[in-house]
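[1] pasting the sequence and the predicted coordinates here, then a few questions.
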Amino acid sequence: MMMENFAPEAPHLSIAVYPSSEEDQALRGVYEVLHKANRMTDTCLVLAPEGARFEAISDLADSIRVVDLDEDPAASGIFELDGPRVVRVRLLDEEHGVVVLGYERAGRDESHPVSLVLSADALGVPSYLWTDEEGRRARSLGRWARRTLRLVCDSLDPLYGHLAVEETLPPPSEFRKGVEHVRGEFYVSQRLVGGRSEFVDSLVKDYGASLVSTWGRGYFICGWPPFGGPGLTDDETRMLELRMTEFLAERTGS
């Protein structure tokens, strides 16, 4: 299988976290959480040379190897291989189809965000256009995505994360450079919030208690109903995303 055939059908839903551990450990941890909670089959993986450094996986185009697990079942113990480094895994979920686990773009001197990318299906369509069947699928996928993010966050304790359609999770370097607006529903760890608990309190005050869910090791801040949020106007959503972007820039800037 070629790299261009790896991606699920667009538009894309991203479930992503910025790890607290070494990124290879985080990738394996997300993989294990995913398999434990779902009926999934590994179909392909992308291997990079041991010790390879990169900003985006595409930087490794001349040195990576794509392995079709139907043709090479010996590679099925993917994290036990000697030498090559796993940088992307393509899985097949019984209900939601193709799911791609891998690294998002980051600077060469920082860890990469770890993401799960799959088709957003009806979540990529404005809700006022949904048929009854599309609404059912959107709510089902939204519940699955939220549950998956929570399992990953409670298990791995990442610094921050998010759920988003057609958006990637920036690493700390991008926040330090002044990224202005990151769209999505956000997870922030208790460690990241630190002494700024008044920020979370201010969100509850401004948007209502149902905006913030307390998870095992942090807070999930969500306004969009398919992911369990209370429902916000477009202006409220944009303002919340700007506040979250500014907060993450502040807390990851040191």
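    In hand now; what should we look at? Please read all numbers here as calculations on a predicted model, not as lab measurements.

[2] tally of neighbours for Arg251?
    20 (other Cβ atoms under 10 Å). Any C-beta I mention is one placed from the backbone N, CA and C, and that applies to glycine too.

[3] helices or strands up against the helix or strand hosting Glu174?
    In this assignment (DSSP states H and E), Glu174 forms part of helix 172-177. Secondary-structure packing of helix 172-177 (3 or more Cβ pairs under 8 Å, 6 or more residues apart in numbering; DSSP states H and E): helix 234-252.

[4] list the buried residues of the helix it packs on.
    237, 240-241, 243-249, 251-252 (16 or more other Cβ atoms under 10 Å).

[5] residue ranges of the strands in this structure, please?
    Secondary structure of the chain (DSSP state E): strands at 12-18, 40-48, 65-68, 85-93, 97-103, 114-119, 160-165, 185-189, 212-214, 218-221.

[6] now the ones you listed in TSV, please, with extra columns for distance to Val30 and mean pLDDT.
    Formatted as TSV, the strands of the chain follow (distance: least, Cβ to Cβ, whole Å; pLDDT from 0 to 100):
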stretch	distance to Val30	mean pLDDT
strand 12-18	7	98
strand 40-48	12	91
strand 65-68	19	89
strand 85-93	10	94
strand 97-103	6	97
strand 114-119	5	98
strand 160-165	10	98
strand 185-189	13	98
strand 212-214	20	98
strand 218-221	16	98
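
[7] dump those strands into CSV; add distance to Ser202 and mean neighbour count as well.
    What follows is those, written out as CSV (distance: least, Cβ to Cβ, whole Å; neighbours: other Cβ atoms under 10 Å):
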stretch, distance to Ser202, mean neighbour count
strand 12-18, 23, 25
strand 40-48, 39, 20
strand 65-68, 47, 16
strand 85-93, 38, 20
strand 97-103, 33, 20
strand 114-119, 29, 23
strand 160-165, 18, 26
strand 185-189, 13, 25
strand 212-214, 10, 14
strand 218-221, 11, 24
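
[8] point out where the stretch 1-150 of the chain drops to low pLDDT.
    Filtered on pLDDT under 70, the stretch 1-150 of the chain yields the residue ranges 1-5, 71-78, 81-82.

[9] repeat that with 90
    Along the stretch 1-150 of the chain, the parts satisfying pLDDT under 90 run over 1-7, 42-43, 50-53, 61, 67-85, 108.

[10] before we move on, the earlier item: in TSV, list the strands of the chain along with distance to Asp132.
    Output for the strands of the chain, formatted as TSV (distance: least, Cβ to Cβ, whole Å):
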stretch	distance to Asp132
strand 12-18	21
strand 40-48	28
strand 65-68	38
strand 85-93	23
strand 97-103	21
strand 114-119	20
strand 160-165	21
strand 185-189	24
strand 212-214	27
strand 218-221	28
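
[11] Asp24 is nearest to which of those strands?
    Nearest to Asp24 among the strands of the chain is strand 85-93; the distance by Cβ to Cβ comes to 6.9 Å.

[12] so which elements touch the closest one?
    Taking 3+ Cβ pairs under 8 Å, 6+ apart as the contact cut, strand 85-93 packs with helix 23-37, strand 40-48, strand 97-103.

[13] list the contacts of stretch 171-178.
    18, 104-107, 110-113, 245, 248-249, 252-253 (Cβ atoms under 8 Å, 6 or more residues apart in numbering).

[14] coming back round to it: now the helix holding Glu174: buried residues?
    Under 16+ other Cβ under 10 Å, the buried positions of helix 172-177 are 172-175.

[15] re the thing from before, out of the strands of the chain, flag the one nearest Arg196.
    Nearest of these (Cβ to Cβ): strand 185-189, 9.5 Å.

[16] direction included, what does the closest one pair up with?
    Each strand paired with strand 185-189, and its direction, by DSSP bridges: strand 160-165 (antiparallel), strand 218-221 (antiparallel).

[17] from Leu151, how far off is Pro19?
    15 Å (Cβ to Cβ, to the nearest Å).

[18] okay, the two: which has more neighbours?
    The neighbour count for Pro19 versus Leu151, taken as other Cβ under 10 Å, is higher for Pro19 (22 against 18).
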